[in-house]
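A.B. asks: Just need the structure, nothing else, for what follows:
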Amino acid sequence: MTTKTLSPRPSQLDQSAFVERFGDIYEHSPWVAELAWQRGLSAEQDSPEGLAAAMGRELSEADPERQLEVIRAHPDLAGKAAIAGELTDDSTKEQAGAGLDQCTPEEMARFERLNAAYKERFGFPFVMAVKGNDRHDILAAFETRLSNEPAEERRTAIEQINRIAAFRLEERAA
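C.D. replies: Residues are numbered from 1 along each chain as shown. Below is the predicted model:
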């Protein structure tokens, strides 16, 4: 199996071009790309996997406030922003791919209740890499994760955000 290469190659871009190309991988958080570039990129980061690891490390090692900013930059799943058409292009495609644009009125009401309960408990939106899941899987994950301890759920949110970034980078290499 051959490893895909991102084009243009991240390791060959100056900071401005790199941030322009990859600054939107993390929802409304171009600083993740800026820090990954500043740390230095090699041919290893020219693959989706390598760049995802480098950018994911920046988020994972960021101070807690910066992590919270990234978590809070994510929209509610099947929430008001989706209904109003206010999501980023990536989020719109991801939510539609999971069938969130096809929810019944009962499912939408359930999403609204779970989104509110989750935010009340943790202080940030529920984040899940929805690729490969459907709305039923997502609702089940919501129910399960509501019982997590706050520190565990914060770690889970960061892991999920890094998975979303990896999926987005993989899509760009396709």
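
A.B. asks: For the rest of this, base every contact and every neighbour count on C-alpha atoms.
C.D. replies: Noted.

A.B. asks: Start and end of stretch 64-78, how far apart?
C.D. replies: 26 Å (Cα to Cα, to the nearest Å).

A.B. asks: next one: stretch 79-97
C.D. replies: 15 Å.

A.B. asks: How about the contacts made by residue 70?
C.D. replies: Contacts for residue 70 were tallied using Cα atoms under 8 Å, 6 or more residues apart in numbering; they are 26-29.

A.B. asks: try 10 Å
C.D. replies: Applying Cα atoms under 10 Å, 6 or more residues apart in numbering to residue 70 gives the contacts 26-32, 59, 124, 157-158, 161.

A.B. asks: gap between it and residue 139?
C.D. replies: Taken as Cα to Cα, the span from residue 70 to residue 139 is 22 Å.

A.B. asks: Let me know the next secondary structure element after the helix or strand bottoming out on mean pLDDT in the chain.
C.D. replies: Using mean pLDDT, DSSP states H and E, helix 80-83 stands out as the lowest-scoring helix or strand of the chain, at a mean of 64. Sequence-wise, the next helix or strand downstream of helix 80-83 (DSSP states H and E) is helix 89-97.

A.B. asks: Next secondary structure element downstream of that following helix?
C.D. replies: Next in sequence after helix 89-97, counting helices and strands by DSSP H and E, comes helix 105-122.

A.B. asks: which helices and strands does that following helix pack with?
C.D. replies: helix 135-145, helix 150-173 (3 or more Cα pairs under 10 Å, 6 or more residues apart in numbering; DSSP states H and E).

A.B. asks: tell me the mean pLDDT for that helix?
C.D. replies: Helix 105-122 carries an average pLDDT of 95.

A.B. asks: mind exporting it as PDB, just the C-alpha atoms?
C.D. replies: The C-alpha trace of helix 105-122 is given here as PDB (Å, rounded to 0.1, in the frame of the first residue of the first chain):
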ATOM      1  CA  PRO A 105     -38.500  15.700  14.300                       C
ATOM      2  CA  GLU A 106     -38.200  13.300  17.200                       C
ATOM      3  CA  GLU A 107     -34.500  12.700  16.600                       C
ATOM      4  CA  MET A 108     -33.900  16.500  16.300                       C
ATOM      5  CA  ALA A 109     -35.700  17.000  19.600                       C
ATOM      6  CA  ARG A 110     -33.500  14.300  21.200                       C
ATOM      7  CA  PHE A 111     -30.300  16.000  19.700                       C
ATOM      8  CA  GLU A 112     -31.400  19.300  21.200                       C
ATOM      9  CA  ARG A 113     -32.000  17.800  24.600                       C
ATOM     10  CA  LEU A 114     -28.700  15.900  24.600                       C
ATOM     11  CA  ASN A 115     -26.800  19.000  23.300                       C
ATOM     12  CA  ALA A 116     -28.200  21.100  26.100                       C
ATOM     13  CA  ALA A 117     -27.500  18.400  28.800                       C
ATOM     14  CA  TYR A 118     -24.000  17.900  27.600                       C
ATOM     15  CA  LYS A 119     -23.100  21.600  27.500                       C
ATOM     16  CA  GLU A 120     -24.700  22.000  31.000                       C
ATOM     17  CA  ARG A 121     -22.500  19.100  32.300                       C
ATOM     18  CA  PHE A 122     -19.200  19.900  30.600                       C
END
